[in-house]
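Novice: Kindly generate the corresponding structure for this input.
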Amino acid sequence: MSEYGRAFESTVEGYLQKLLDFGQIKSFTRHPPRSPEDYGGRDFTVSKEVGGVSVERSFGVTISIRSWNRGKRLHPAHPQFCFPIGTNKETINRRILGLFKGLNNSH
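Specialist: Numbering: from 1, shown residues only. This is a model prediction of the structure:
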């Protein structure tokens, strides 16, 4: 992965920390590079309280269209998000929180 990609993962981690600080998620994990989770298309796992139950969602992130297309093909069980350089924080947060939409009390 490029240095830009790793730096972007750190940016997403910062956004997740803010979501945690403001109570919009229960917890999150950034999976280490080259870990089994990373090889499985899961850069992050986020949990949120939904209807009194803790629900987890894992996903991958990239800044590269090529990596995004490859990730979707290799890891269909986990959402893969492509956020090109310049994507704003609100869009990223909305997409992450959107993983919990459609579940009871997921707003």
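
Novice: which SS state does Thr11 fall under?
Specialist: helix (DSSP: H, G, I helix; E, B strand; the rest coil).

Novice: how many other residues sit next to it?
Specialist: 16 (other C-beta atoms under 10 Å). For every residue, glycine as well, the C-beta is placed using N, CA and C.

Novice: Next, work out how far apart it and Phe81 are.
Specialist: 13 Å (C-beta to C-beta, to the nearest Å).

Novice: got the phi/psi numbers for the residue lying farthest from the centre of the chain?
Specialist: Going by C-alpha atoms, centre = their mean, the residue of the chain most distant from its centre is Gly52, 22.0 Å out. Backbone geometry at Gly52, expressed as degrees, to the nearest 10, gives phi 80, psi 10.

Novice: beta partners of Phe59?
Specialist: Phe44 (DSSP bridges).

Novice: Surely it is in contact with Arg42?
Specialist: Yes - Phe59 lies in contact with Arg42 (C-beta atoms under 8 Å); the separation is 6.9 Å.

Novice: and for the two, which residues touch both?
Specialist: His78 (C-beta atoms under 8 Å, 6 or more residues apart in numbering).

Novice: Which parts of this protein are strands?
Specialist: 27-30, 44-50, 53-62, 80-82 (DSSP state E).

Novice: residues near Arg66, how many?
Specialist: Count around Arg66 with other C-beta under 10 Å applied: 9.

Novice: how far away is the nearest residue to Leu97 once chain neighbours are set aside from Ser10?
Specialist: On the basis of C-beta to C-beta, 6 or more residues apart in numbering, the spatially nearest residue to Leu97 that is not a chain neighbour turns out to be Gln24, at 6.6 Å. Using C-beta to C-beta, Gln24 is found at 19 Å from Ser10.

Novice: what does Phe100 give?
Specialist: 23 Å.
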